[in-house]
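Peer 1: Turn this into a model:
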Amino acid sequence: RSELEGSQLSLAPMLRQHLRSKDSSALDKSLVLKDRSVMDTSAAELSAVEAFDLLHECAKRVMESPAQTAVYCAWIQRIVLHHGTFLRSHPTLADSLRQFYE
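Peer 2: Residues are numbered from 1 along each chain as shown. Below you'll find the model as predicted:
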């Protein structure tokens, strides 16, 4: 059982920092967390724009690292759950993700 399991901890501050600095290695380390409640809290605390950036990074990693697909898809699910309305209301954002559908 993880130390973080069942907690209300959030990785949102770290994720923001990694996204802004474009620190791919640090972002990878943060994303491999498997605690769904921490993922949920973290995704909810991101702004819609930050969530879109994280969604894009997760989708890219699914393509690059199929072995970690389950973890990245869990992040994607939580991002869509909390920010889906924003993503759907901006066709340009949806278009930029279309490459991952193919």
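Peer 1: For the helix or strand hosting Ser42, list the C-alpha coordinates in CSV.
Peer 2: In the assignment (DSSP states H and E), Ser42 maps to helix 36-45. What follows is helix 36-45, C-alpha atoms only, in CSV (Å, rounded to 0.1, in the frame of the first residue of the first chain):
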residue,chain,number,x,y,z
ARG,A,36,-6.1,7.0,-8.2
SER,A,37,-7.2,9.3,-5.5
VAL,A,38,-4.0,11.4,-5.8
MET,A,39,-4.5,11.5,-9.6
ASP,A,40,-8.1,12.6,-9.1
THR,A,41,-7.2,15.4,-6.7
SER,A,42,-4.3,16.5,-8.8
ALA,A,43,-6.3,16.7,-12.0
ALA,A,44,-9.1,18.6,-10.3
GLU,A,45,-6.7,21.2,-9.0
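Peer 1: average pLDDT across it?
Peer 2: For helix 36-45, mean pLDDT is 95.
Peer 1: Stretch 50-64 now?
Peer 2: Rounded mean pLDDT across stretch 50-64 is 92.
Peer 1: And that stretch, what's buried?
Peer 2: Applying a neighbour-count criterion of 16 or more other C-beta atoms under 10 Å, one finds Glu50, Ala51, Phe52, Asp53, Leu54, Leu55, His56, Glu57, Cys58, Ala59, Arg61, Val62 buried in stretch 50-64. (Each C-beta comes from the backbone N, C-alpha and C, glycine too.)
Peer 1: what helices or strands is the next helix or strand after the helix holding Ser42 leaning on?
Peer 2: Later in the chain than helix 36-45, the nearest helix or strand by DSSP H and E is helix 48-64. Here helix 48-64 touches helix 12-21, helix 24-31, helix 69-89, helix 91-97, going by 3 or more C-beta pairs under 8 Å, 6 or more residues apart in numbering; DSSP states H and E.
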